[in-house]
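>>> 3D model of this:
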Amino acid sequence: MTSSDSFNIVLVEPEIPPNTGSIARLCGATDTILHLVHPLGFSTDDKHLKRAGLDYWQHVHIVHWDSLDDFLSAQDETRLYFFTTKTDRPFSDAVYRPGDYLIFGKETKGLPEEIRTLYSDRCYTLPMKNPHIRSLNLAMTAGIVLYEALKQNSYTV
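Numbers count the residues shown, from 1 in each chain. This is a model prediction of the structure:
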């Protein structure tokens, strides 16, 4: 599996082990590459992280990056899609192709403002009707976006 023939989920400085574990399991189930941008808010040996991924870890392709700058400088920016609550453009408006990178910020702060500004034309959101709800859970959001990308590409099991 290479990053050009599968989708890529990128977690920028994730903080909550069960979210990352659930996303790792999602990646394993869909042959999606998981990119973890450091620093992480936990150890990859965390028991909650491992429990959320259960015994699937050996089936997940995980790439570690020292920083967001390192990750971004190694990518073709036309393949990057950023997800944030700080835009009005719905995720379903994007046209996804295998090899694209679906990028999510940390649970408590989201993506850095400078990244949202620099890539404002590549930022998308999951619309929510209730204005009292700040955001969806990171793992749920990643799953919804990934399956939209897979659906657009006639994904079947």
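
>>> sec struct for residue 102, please.
Recorded secondary structure, residue 102: strand (DSSP: H, G, I helix; E, B strand; the rest coil).

>>> just the pLDDT at it, thanks.
According to the prediction, residue 102 has pLDDT 98.

>>> give me the number of residues near it?
Using other C-beta atoms under 10 Å, residue 102 has 25 neighbouring residues. The way it works is simple: take the backbone N, C-alpha and C, and place the C-beta from them, glycine included.

>>> check residue 45 too.
Residue 45, neighbours per other C-beta under 10 Å, totals 8.

>>> and stretch 128-141, average pLDDT?
Here the average pLDDT along stretch 128-141 is 94.

>>> pull out the buried positions in that stretch.
138-139, 141 (16 or more other C-beta atoms under 10 Å).

>>> from the chain's centre, how far out does that stretch sit?
Relative to the centre of its chain, stretch 128-141 is centred 15 Å away, using C-alpha atoms, centre = their mean, to the nearest Å.

>>> ok, the closest residue to residue 62 other than its chain neighbours - contacts?
Spatially, and ignoring its direct neighbours in sequence, residue 62 is nearest to residue 34 (4.9 Å; C-beta to C-beta, 6 or more residues apart in numbering). Neighbouring residues of residue 34 by C-beta atoms under 8 Å, 6 or more residues apart in numbering: 8-9, 11, 23-24, 27, 60-63.

>>> which ones among these map onto strands?
8-9, 11, 62-63 (DSSP state E).

>>> closest one of those residues to residue 73?
residue 63 (14.4 Å; C-beta to C-beta).
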